[in-house]
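Novice: The amino acid sequence is not available; the structure is as follows:
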């Protein structure tokens, strides 16, 4: 069982491991790196060292690169004599010593990602955002705004894009076609984060932007689940700031304590009259794995997302492995 996506996928990973699920780590930390520094260098967060993948468009491009189907123009940024991988700028906090090292480490990473896609039985993808920055020249979708960690932001070079539900569906279908071409038995569980994900450049309130993004992602996930037997959707969060749920207890930041419990009840009712036992007895491995994911998520009613971008931008002169 593998994980990728938004920060919520990190919680899924932790819980799957704690429950002794067969978790797939295709890119573990090197032995020389102390465990307390794994997170600092992007290890032990997801099933490979790809960092956050906030959009399905980026997931699609990851598969395209891993299988050698697509290349891009600007793939390395230089800042203060250090070099950064455009696709995962925060996994090496101080950057690499040379452009050649970036390329070498990226090639190794993509081999691990390809192996993950070829061998995983189930991929859990945590949907994150509906907005991104994209290179105008070749369509490269960035995990964060260029210039945040390295590089220079130029509106003539990068455009802000907002993905509609149809875009999300099309990107996931393209991703799935690539992966299932190499691994026809793989199944997918889509989920959305219970944490608020405020969009990047929206003049509306955070509540409005978040709810709008959730609705787009939810529509896309439901469409994919209805269309393909190999996809399930674990719906984890009603719009947490909604005022039309009077019986829910609100937390200090406006989220609802009962969001996940309500979502899990709905999920169980779809698969067996709300009965965990019935799900446990289902023969379909995808349902069994979905049950495990549901149980895991019920134990995490409050997800506090880590901000890797902030960690990487602290400016500490730290050294570590490539």
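Specialist: Nice, I can see it. Keep in mind it's a predicted model, so treat the numbers as computed, not measured.
Novice: Next, the distance between the ends of stretch 111-131.
Specialist: Stretch 111-131 has an end-to-end distance of 28 Å (CA to CA, to the nearest Å).
Novice: Buried ones in it, by neighbour count?
Specialist: For stretch 111-131, burial by neighbour count (16 or more other CB atoms under 10 Å) applies to 112-114, 116-117, 120, 122-131. The way it works is simple: take the backbone N, C-alpha and C, and place the C-beta from them, glycine included.
Novice: do stretch 98-114 as well
Specialist: Those buried within stretch 98-114 under the rule 16+ other CB under 10 Å are 102, 105, 106, 109, 110, 112, 113, 114.
Novice: three-state assignment of the fourth one?
Specialist: Residue 109 falls in the helix class when you classify it by DSSP: H, G, I helix; E, B strand; the rest coil.
Novice: That one and residue 103: what is the separation?
Specialist: Noted for residue 109: a distance of 11 Å to residue 103, by CB to CB, to the nearest Å.
Novice: Run through the helices of the protein in chain order.
Specialist: 8-18, 56-66, 99-119, 165-182, 206-227, 259-272, 276-280, 285-298, 308-312 (DSSP state H).
Novice: where does the stretch 151-300 of the chain dip in pLDDT?
Specialist: Across the stretch 151-300 of the chain, the ranges flagged by pLDDT under 70 are 194-211, 237-300.
Novice: residue contacts, residue 164?
Specialist: Counting by CB atoms under 8 Å, 6 or more residues apart in numbering, residue 164 touches 130, 216.
Novice: for residue 52, same thing?
Specialist: Applying CB under 8 Å, 6+ apart to residue 52 gives the contacts 5, 6, 7, 128, 143, 308.
Novice: I'd like to know how far it sits from residue 62.
Specialist: 12 Å.
Novice: picking that back up, name the residues contacting each of residue 109 and residue 103.
Specialist: When CB under 8 Å, 6+ apart defines a contact, no residue borders residue 109 and residue 103 alike.
Novice: For the spatially closest residue to residue 166 that is not a sequence neighbour, list the residues it contacts.
Specialist: Excluding the flanking residues, the one nearest residue 166 by CB to CB, 6 or more residues apart in numbering is residue 220, at 7.8 Å. Shown in contact with residue 220 (CB under 8 Å, 6+ apart): 56, 127, 165, 166, 168, 169, 172.
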